[in-house]
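# quick one, structure for this:
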Amino acid sequence: MGAPADGDGKPFFAYAAFTSPHWPLQVPEPWLSKYKGKYDQGYDVVRAARLARMQALGIIPPSTTPNPGLPETLTQSAASANNGKAAAKYLSAVHGADQGYSDYHTGYVNKKWDSLTDPEKKAQARYMEIYAGMVENPDNNIGLLIQHLKDIGEYDNTFIMFQSDNGAEGWPINSGADQKATDTANAAAGVYEKLGSDNGLQSAKSVQYGLRWAEVSATPLALSKGTLGEGGYSVPAIVHLPGQTGTLPTFRNFTHVTDNTATFLELAGVAAPSQPAPPLIDTITGLDKNKGKVVYNSRYVYPITGKSLVSTLLGKSTGPVHTEAFGDESYGRAYIFSADGKWKARWTEPPLGPKDGHWELFDIVNDRGEAADISAQNATVVNSLFQRWQAYMLNVGGVEPLRPQGYY
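Purely as a prediction, here's the structure:
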């Protein structure tokens with residue numbers, strides 16, 4: 001977002017949607033070949049090096065305990081006996097074992113590096129090489145955009161924000177049944193050499209980097225995209241303020257993507273819609289369909305719920321941006337932070353989550369990696385957060401699926 005355009009007195013807003021590092025793994029040269037051999041040592045070695053590097057740079061505290069990663073599974077874990085049947089009663093964020101619910105879906109094969117065959121290792125290392133090139137490619141193009149702003153004299157007048165959309169994409173190779181066949185095929189002569197290029201011969205999902213490299217990308221956090229572990233949605237956010245010439249202190253308090261809109265509106269001097277919408281009573285349910293909505297451009301819409309980050313970014317405010325309990329839901333998975341930011345309750349369906357379907361609890365201030373579930377020792381806290389999460393779902397009109405399962 002930059003200075004007013006010539007003549008109209010309005011600031012410009014540009015949304016640059018660069019191709020994200022995702023699947024299919026594809027990138028042009030020179031990035032396609034740049035990282036050859038960099039990942040041959042495998043998941044654990046690369047993950048440890050990244051952890052040490054982030055600690056050395058001050059990105060994460062030296063005391064950070066990383067999530068240990070998912071346990072190795074060499075075969076798919078079985079689903080419950082009634083999975084997929086009419087009689088199934090699936091565990092969910094609102095239906096627990098104490099209510100007679102016990103069903104869940106199959107698990108995934110998820111091997112450690114030492115359990116891979118040589119062809120699997122060859123293919124897996126190549127996936128990460130391509131992925132690294134895909135990360136550097138938008139970095140280079142963002143640099144070109146910034147240089148353009150400097151060339152036209154608008155760089156010092158422009159607010160720039162970079163933010164990823166979600167955590168690392170960890171779609172299980174071969175749908176999680178077993179990656180061996182796919183990796184072996186991709187390691188074969190004539191195929192391996194073309195990985196990462198747009199040759200028109202490979203399906204998108206045949207060239208992806210899988211669960212373990214996503215775990216590496218999420219270091220030191222838990223899980224990956226599609227989950228509500230910290231590694232599923234906590235993402236990099238980098239801001240350049242107009243006229244900024246030096247690095248400012250890292251802001252470590254919780255912010256949310258909904259805060260971006262409120263921030264942009266304040267920068268542009270635009271007030272968010274606030275006029276309450278008139279009641280619209282549903283003749284069947286008796287509920288007000290416009291409850292909580294506001295008027296915008298003669299339409300009834302939900303209000304902007306985010307908080308502007310302008311004062312925080314300018315250093316005028318150093319405290320928490322959100323001072324109320326804050327939750328989300330996705331694919332039947334759920335989380336909620338306590339109002340003081342100390343606790344995080346998280347629900348994930350089995351077998352990825354606890355087999356008994358309980359809500360996990362983490363001291364998120366001291367355990368950002370979600371390494372230790374302390375729900376058993378803090379039942380009162382869990383129950384309180386669950387009640388808060390239910391209130392959130394009611395407020396936004398959320399409905400839990402009867403059969404929760406991620407999109408993998």
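# just give the closest residue to Ala268, not the sequence neighbours.
Pro11 (5.4 Å; Cβ to Cβ, 6 or more residues apart in numbering). Where C-beta positions appear, they are placed from N, C-alpha and C, glycine not excepted.
# and the one you found, what are its phi and psi?
Backbone torsions for Pro11, taken as degrees, to the nearest 10, come to phi -70, psi 150.
# would you agree it is in contact with Val270?
No. Here Pro11 does not reach Val270: they are 9.6 Å apart, not a contact under Cβ atoms under 8 Å.
# so between these two, which is more surrounded?
Pro11 (18 against 10; other Cβ atoms under 10 Å).
# what's the spacing between the more buried one and Asp156?
Distance, Pro11 to Asp156, using Cβ to Cβ, to the nearest Å: 14 Å.
# over to Gly292?
Look at Gly292 and Asp156: by Cβ to Cβ, they are 40 Å apart.
# related to what we said a few turns ago, and the residue nearest to Ala268, what pLDDT?
Note on Pro11: pLDDT of 80.
# just Ala271 next, same as before
Looking at Ala271, its pLDDT stands at 93.
# closest to the centroid, which residue in the protein?
Computing the C-alpha centroid of the chain and ranking residues by Cα atoms, centre = their mean puts Tyr233 first, at 2.3 Å.
# who touches that residue in this structure?
Neighbouring residues of Tyr233 by Cβ atoms under 8 Å, 6 or more residues apart in numbering: 166-167, 328.
# among these, which ones are buried?
The neighbour-count test (16 or more other Cβ atoms under 10 Å) marks 166-167, 328 as buried among those.
# how many neighbours does the closest residue to Leu402 other than its chain neighbours have?
Spatial nearest neighbour of Leu402, chain neighbours left out: Tyr90 (6.1 Å); criterion: Cβ to Cβ, 6+ apart. The tally of other residues near Tyr90 (other Cβ under 10 Å) stands at 22.
# ok, Ala222 next?
The number of residues packed near Ala222 is 28, by other Cβ under 10 Å.
# ok, it to Asn378 distance?
Here the criterion is Cβ to Cβ. By it, Ala222 lies 18 Å from Asn378.
# go on, Gly332?
23 Å.
# more crowded one of the two?
Gly332 (21 against 15).
# quick one, grab the pLDDT at the more buried one.
pLDDT, read off for Gly332, is 96.
# Arg252 now?
Arg252 is assigned 88 on the pLDDT scale.
# dump the residue contacts of the closest residue in space to Leu91 that isn't next to it in sequence.
What sits nearest to Leu91 in space, not counting adjacent residues and going by Cβ to Cβ, 6+ apart, is Gly357, at 3.3 Å. By Cβ under 8 Å, 6+ apart, Gly357 lies in contact with 91-92, 95-97, 101-102, 104, 349-350.
# let me know the closest of these to Asn83.
Using Cβ to Cβ, Tyr104 is the member of the contacts of Gly357 that sits closest to Asn83, with 6.7 Å.
# wait, the closest one touches Asn82, no?
No. Using Cβ under 8 Å as the test, Tyr104 is too far from Asn82 to be in contact (9.8 Å).
# who has more neighbours out of those two?
Comparing Tyr104 with Asn82 by neighbour count (other Cβ under 10 Å), the higher total belongs to Tyr104, at 26 against 14.
# confidence score at that one?
97.
# before we move on, what about Pro249?
Note on Pro249: pLDDT of 86.
# Asn186 versus that one, what's the distance?
Going from Pro249 to Asn186 by Cβ to Cβ gives 44 Å.
# between the two, who's got more neighbours?
The neighbour count for Pro249 versus Asn186, taken as other Cβ under 10 Å, is higher for Asn186 (23 against 7).
# who's in contact with the residue nearest to that one when sequence neighbours are not counted?
In this structure, Asn186 finds its nearest non-sequential neighbour in Ala123, 4.3 Å apart by Cβ to Cβ, 6+ apart. Counting by Cβ under 8 Å, 6+ apart, Ala123 touches 182-184, 186-187, 192, 195.
# next one: Gly319
With contact set as Cβ under 8 Å, 6+ apart, Gly319 has these partners: Asn253.
# same question for the lengthiest helix in the chain: list its buried residues.
In the chain, assigned by DSSP state H, the helix with the most residues is helix 118-151. Of the residues in helix 118-151, 119-134, 137-138, 149 count as buried by neighbour count, 16+ other Cβ under 10 Å.
# which strand residues bridge Asp288?
In this entry, Asp288 is beta-bridged to Ile281, by DSSP bridges.
# and it, how many neighbours?
Asp288: 14 surrounding residues under other Cβ under 10 Å.
# so how far is Gly398 from it?
For Asp288, the distance to Gly398 equals 17 Å [Cβ to Cβ].
# now Ala379
From Ala379 to Gly398 the distance is 24 Å (Cβ to Cβ).
# same question for Gly332.
Shown here: Gly332 relative to Gly398, a distance of 10 Å by Cβ to Cβ.
# what mean pLDDT does stretch 139-146 get?
Mean pLDDT, stretch 139-146: 93.
# for that stretch, give me every contacting residue.
The set of residues external to stretch 139-146 that reach it, using Cβ under 8 Å, 6+ apart, is 16, 18, 31, 155, 160, 162.
# then stretch 401-408?
88, 90-93, 105, 108, 170-172, 175-176, 226-227, 331-333, 349, 352.
# now intersect those with the strands, please.
With strands defined by DSSP state E, the entries of these inside them are Arg333.
# are any of the contacts of stretch 401-408 buried, and which?
Buried members of the contacts of stretch 401-408, scored by 16+ other Cβ under 10 Å, are 88, 90-93, 105, 108, 170-172, 176, 226-227, 331-333, 349, 352.
# rewinding a little: export the contacts of Gly357 to a markdown table and tack on distance to Gln208?
A markdown table is the format used below for the contacts of Gly357 (distance: Cβ to Cβ, whole Å):
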| residue | distance to Gln208 |
| --- | --- |
| Leu91 | 28 |
| Ser92 | 28 |
| His95 | 32 |
| Gly96 | 34 |
| Ala97 | 34 |
| Tyr101 | 33 |
| Ser102 | 32 |
| Tyr104 | 25 |
| Glu349 | 22 |
| Pro350 | 24 |
